[in-house]
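Trainee: coords please:
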Amino acid sequence: MGLASPESASSLTSSGPLSRWRDRGARLADELHGLCASFGQIYFMPSAVGGLLLFGLLMLADMPSAWAGLAGAVMATLTAVGLGFPADARRAGLFSYNGTLTGIALGTLWQTDLWLYAWLFACVVATVLLTRLMARLGWAALTGPFVAVMSVTHCLRGTLHLVPRALGAGCTSHSVGFAFCSVGQVVFIAPLVLGLLTWYVLHLWHARVTAWALAGGVVCGLAVATFGSAWPALAAQAGGIGVNGFLAALGLGIFRRNVPTRLTGAAVAAFLCVVFGQFGWPYFTLPFNLAVWTLLTVTSPAAD
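Mentor: Residues are numbered from 1 along each chain as shown. As a prediction, this is how the structure comes out:
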């Protein structure tokens, strides 16, 4: 028997067990990256490191909601892998962040037990499928799937026998750090200092965009503080206005809209919070979604 040529030896090596294990390891690393990035993608940040930092802040703020969020991220990642959805989008956390946010919300609002985790699984699968459908239609998913499943959960809360948790204080427009508090409240983080740290993590990733988004939150807070006494409906929605106003300005910045459009988005989201608040319905981040979808449709990206 003659010696194998370098070419054939290389071919054997590239198709051998070692190569297959390397490929599996790379794929696993990509899925773990997406799992961690799902926390960051709630704020449009496809960073695994940023996502881990945000998970750490969640653990400091409220461990049950943090664990439920992690469960949602794992369920969403496994669902997207099982359905064979695009690997690049999975790695960026695009199929899992709505499931992560759903887990955080369910863990914050209701007692975590086996039944809640079973319902969480159903909700997470729905968010993954809705995200894929919206991507096929060329529509930015934002947190639309999250809003959909949380609205269904609200309607069925009696049937599901979910046990409410005692909630901490939210953001008030009269607090010094209203804007920073609102940043944390996106993922139900209540303490001001943790909201400030959340903003700092975002600032490390998108410095200018995050700064202008914070400006949008500040404008919303000033509006509530200034006109809230004369317009009680405005003051009553201070927490929702802060969260949705900040997200609208942040999202439009990520989609490269100019500063006036970002601030307009924050104002539109704030107005929608007041409108929806009159019906006593938990609108979650629906105003942010509607404001951004509308302005993305009627405006174009700013020139670089």
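
Trainee: Next, count neighbours for residue 60.
Mentor: 14 (other Cβ atoms under 10 Å). From N, CA and C alone the C-beta is placed, and that goes for glycine too.

Trainee: my guess is it contacts residue 193, does it?
Mentor: No: taking Cβ atoms under 8 Å as the definition, residue 60 is not a contact partner of residue 193, at 9.4 Å.

Trainee: tell me, what's touching those two both at once?
Mentor: Common neighbours of residue 60 and residue 193 are not found (criterion: Cβ atoms under 8 Å, 6 or more residues apart in numbering).

Trainee: Check which element follows the helix or strand bottoming out on mean pLDDT in the chain along the chain.
Mentor: Ranked by mean pLDDT, DSSP states H and E, the weakest helix or strand in the chain is helix 6-14, scoring a mean of 49. Using DSSP states H and E, the helix or strand that follows helix 6-14 in sequence is helix 17-41.

Trainee: Compute the mean per-residue pLDDT across that next one, please.
Mentor: Helix 17-41 carries an average pLDDT of 90.

Trainee: can you check stretch 92-100 too?
Mentor: 97.

Trainee: which residues touch it?
Mentor: By Cβ under 8 Å, 6+ apart, the list of residues contacting stretch 92-100 reads 34-42, 46, 51, 69-70, 72-73, 75-77, 79-80, 85, 89-90, 123-124, 127-128, 130-132, 135, 141, 143-146.

Trainee: which residues of the stretch 151-300 of the chain score low on pLDDT?
Mentor: Applying pLDDT under 70 to the stretch 151-300 of the chain flags residues 168-176.

Trainee: at 80 what do you get?
Mentor: 167-177, 190-192 (pLDDT under 80).

Trainee: Can you identify each of the helices in the stretch 51-200 of the chain by residue range?
Mentor: Listed in chain order, the helices of the stretch 51-200 of the chain (DSSP state H, counting those that start in this stretch) span 63-82, 87-91, 97-109, 114-136, 144-160, 178-185, 192-205.

Trainee: got those helices as TSV, with distance to residue 294 columns?
Mentor: TSV is the format used below for those (distance: least, Cβ to Cβ, whole Å):
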stretch	distance to residue 294
helix 63-82	27
helix 87-91	24
helix 97-109	20
helix 114-136	16
helix 144-160	13
helix 178-185	21
helix 192-205	24
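
Trainee: nearest to residue 29, of these?
Mentor: helix 87-91 (9.1 Å; Cβ to Cβ).

Trainee: Any buried residues in stretch 278-294, and which?
Mentor: Across stretch 278-294, burial judged by 16 or more other Cβ atoms under 10 Å covers 283-292.

Trainee: can you list the residues that contact it?
Mentor: For stretch 278-294, using Cβ under 8 Å, 6+ apart, the contacting residues are 105, 139-140, 142-144, 146-147, 150-151, 154, 186, 233, 240, 243-245, 247-248, 251-252, 255, 265-266, 268-273, 276-277.

Trainee: ok, of these, which come out buried?
Mentor: 105, 142-144, 146-147, 150, 186, 240, 243-245, 247-248, 251-252, 255, 265-266, 268-273, 276-277.

Trainee: which of the helices of the stretch 51-200 of the chain is buried the deepest?
Mentor: helix 97-109 (a mean of 29; mean count of other Cβ atoms under 10 Å).

Trainee: by how many degrees do that one and helix 144-160 diverge?
Mentor: 40 degrees (axes from the mean of the first three to the mean of the last three Cα atoms, to 10 degrees).

Trainee: Could I have the CA atoms of helix 97-109 written out in CSV?
Mentor: Extracted C-alpha coordinates of helix 97-109, given in CSV (Å, rounded to 0.1, in the frame of the first residue of the first chain):
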residue,chain,number,x,y,z
TYR,A,97,-36.0,37.8,22.8
ASN,A,98,-39.8,38.0,22.7
GLY,A,99,-39.9,34.6,24.6
THR,A,100,-37.4,36.0,27.1
LEU,A,101,-39.4,39.1,27.7
THR,A,102,-42.6,37.0,28.1
GLY,A,103,-40.8,34.9,30.7
ILE,A,104,-39.7,38.0,32.6
ALA,A,105,-43.2,39.5,32.5
LEU,A,106,-44.9,36.3,33.6
GLY,A,107,-42.4,35.8,36.4
THR,A,108,-42.9,39.4,37.6
LEU,A,109,-46.7,39.5,37.5
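
Trainee: how is the protein carved up into domains?
Mentor: 27-160, 178-298 (automatic domain parsing).

Trainee: chain center to the shortest one, what's the gap?
Mentor: Going back to what we said before, that points to domain 178-298. Centre-to-centre, domain 178-298 and its host chain are 14 Å apart (Cα atoms, centre = their mean, to the nearest Å).

Trainee: Between the two ends of it, how far is it?
Mentor: 30 Å (Cα to Cα, to the nearest Å).
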